[in-house]
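**Q** only geometry, no sequence info:
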Ligand code: 48F
């Protein structure tokens, strides 16, 4: 490699670049069309589809990394499965896969996950990671946004970190928090809905039902992915991800329809 010298930038310029750009973007996304809570396969897929349709969409993820359970597939083995016809979504994302048996496809978790993250970002979905849902904004029996705090703050006991969160407004919120169904639980705490909790493993039943029941659970709140199973009492499905991708797509389609009303 040729000898090279990096361009000049002082320490203060680097700090200013980060602060300026973050502040501008954060201010812009204080109001969005859709806020997605949770950056696993369902949330990322919904984010990609919404951004591709021109919707202003912000995705909040409490971890530093995006992707949820999509990185590792099953049993720490870096392989994930999808069943037909969800391999078509892997095609759309340009993810390589192998047909293991008729209608059952296997792919590498890191490859599939990084392609999905890149697709959501390329489409224009904005991401706030290390940010956790603290509560929902609720006006006149409709979800109007989310209350958030930095994950390190929300992870500390209240007695040593009494730091108030901030609120972000949106026309719709999507709960894509997986098994936790964190947004749904905030409504349940107030007695507004009753989450049924997940049933035991039954992959064939679960995948179809999760997609079928991806819906607006409460005015202003759409559920997708495994949060659907927790909300509606559906069986678990384990390390197969077709329903997560298809449910994320369906959640985005529902949101686009509702934004038109
Ligand atoms: O768990 P996760 O991957 O949910 P999903 O998209 O997919 C489920 C599958 O991974 C798998 C399965 C079937 O294939 O059974 O488990 O439904 O991703 C959920 C994301 O939401 C984040 C969490 O860190 C993860 O990345 N999350 C959960 N609670 C919060 C949150 C919260 N309160 N605030 C912000 N992010």
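**A** Cool, got the structure. All figures in this text were calculated on a predicted structure; none of them were measured in a lab.

**Q** which parts of the protein sit against the ligand?
**A** Counting by CB under 6 Å from any ligand atom, the residues of the chain close to the ligand are 37-43, 60-63, 68-70, 132-133, 176-178, 180, 182, 225-227, 237, 240-241, 244. For every residue, glycine as well, the C-beta is placed using N, CA and C.

**Q** From those, list just the buried residues.
**A** 37-43, 60-62, 68-70, 132-133, 176-178, 180, 182, 225-227, 237, 240-241, 244 (16 or more other CB atoms under 10 Å).

**Q** And residue 20, which helix or strand is it part of?
**A** helix 11-28 (DSSP states H and E).

**Q** quick one: average confidence on that helix?
**A** Taken as a whole, helix 11-28 has a mean pLDDT of 98.

**Q** got it, and stretch 50-59?
**A** pLDDT averaged over stretch 50-59 gives 98.

**Q** Same check on stretch 227-245?
**A** Mean predicted confidence for stretch 227-245 is 96.

**Q** Need the distance between the two termini of stretch 23-38.
**A** Separation of the first and last residues of stretch 23-38 by CA to CA, to the nearest Å is 22 Å.

**Q** Show me which residues of that stretch are buried.
**A** Here stretch 23-38 shows 29, 32-38 as buried, counting by 16+ other CB under 10 Å.

**Q** Next, give me the two most distant ones among these.
**A** Farthest-apart pair in the buried residues of stretch 23-38 is 33 and 38; separation 17.4 Å (CB to CB).

**Q** Quick one: residues contacting the spatially most central residue of the chain.
**A** Most central in the chain under CA atoms, centre = their mean is residue 43, positioned 2.5 Å from the mean C-alpha point. Contact analysis of residue 43 by CB atoms under 8 Å, 6 or more residues apart in numbering lists 36-37, 59, 61, 68, 174, 176-177, 224-225, 248.

**Q** just residue 199 next, same as before
**A** 229, 233-236.

**Q** Which among those residues count as buried?
**A** 229, 234-235.

**Q** Just these: which are in strands?
**A** residue 235 (DSSP state E).

**Q** Determine the number of other residues adjacent to residue 162.
**A** For residue 162, the count of nearby residues is 9 (other CB atoms under 10 Å).

**Q** and if you look at the one 5 residues further on?
**A** By the measure other CB under 10 Å, the count of residues near residue 167 is 14.

**Q** who's in contact with it?
**A** Here residue 167 is in contact with 137, 145-148 (CB under 8 Å, 6+ apart).

**Q** Am I right that it falls within a strand?
**A** Yes: with the criterion set as DSSP: H, G, I helix; E, B strand; the rest coil, the secondary structure at residue 167 is a strand.

**Q** what's the spacing between it and residue 143?
**A** Distance from residue 167 to residue 143, counting by CB to CB, to the nearest Å: 12 Å.

**Q** Identify the contacts common to these two.
**A** The contact lists of residue 167 and residue 143 share residue 137, where a contact means CB under 8 Å, 6+ apart.

**Q** show me where the stretch 51-200 of the chain has strands.
**A** Taking DSSP state E, counting those that start in this stretch as the test, the strands found in the stretch 51-200 of the chain are 57-61, 79-83, 98-101, 104-108, 126-129, 131-139, 142-150, 166-175, 199-201.

**Q** Now the fifth one: average pLDDT?
**A** Throughout strand 126-129, pLDDT has a mean value of 98.

**Q** Name the residues of it that are buried.
**A** Taking 16+ other CB under 10 Å as the criterion, strand 126-129 shows 126-128 as buried.

**Q** what's the closest of those to residue 77?
**A** Distances from residue 77 to these, taken by CB to CB, are shortest for residue 127, at 27.0 Å.

**Q** Would you confirm that the closest one contacts residue 67?
**A** No: the pair residue 127 / residue 67 is not scored as a contact, 11.4 Å apart, by CB atoms under 8 Å.

**Q** Grab the nearest non-local neighbour of residue 154.
**A** Ranked by CB to CB, 6 or more residues apart in numbering and with sequence neighbours excluded, the top spatial neighbour of residue 154 is residue 132, at 4.5 Å.
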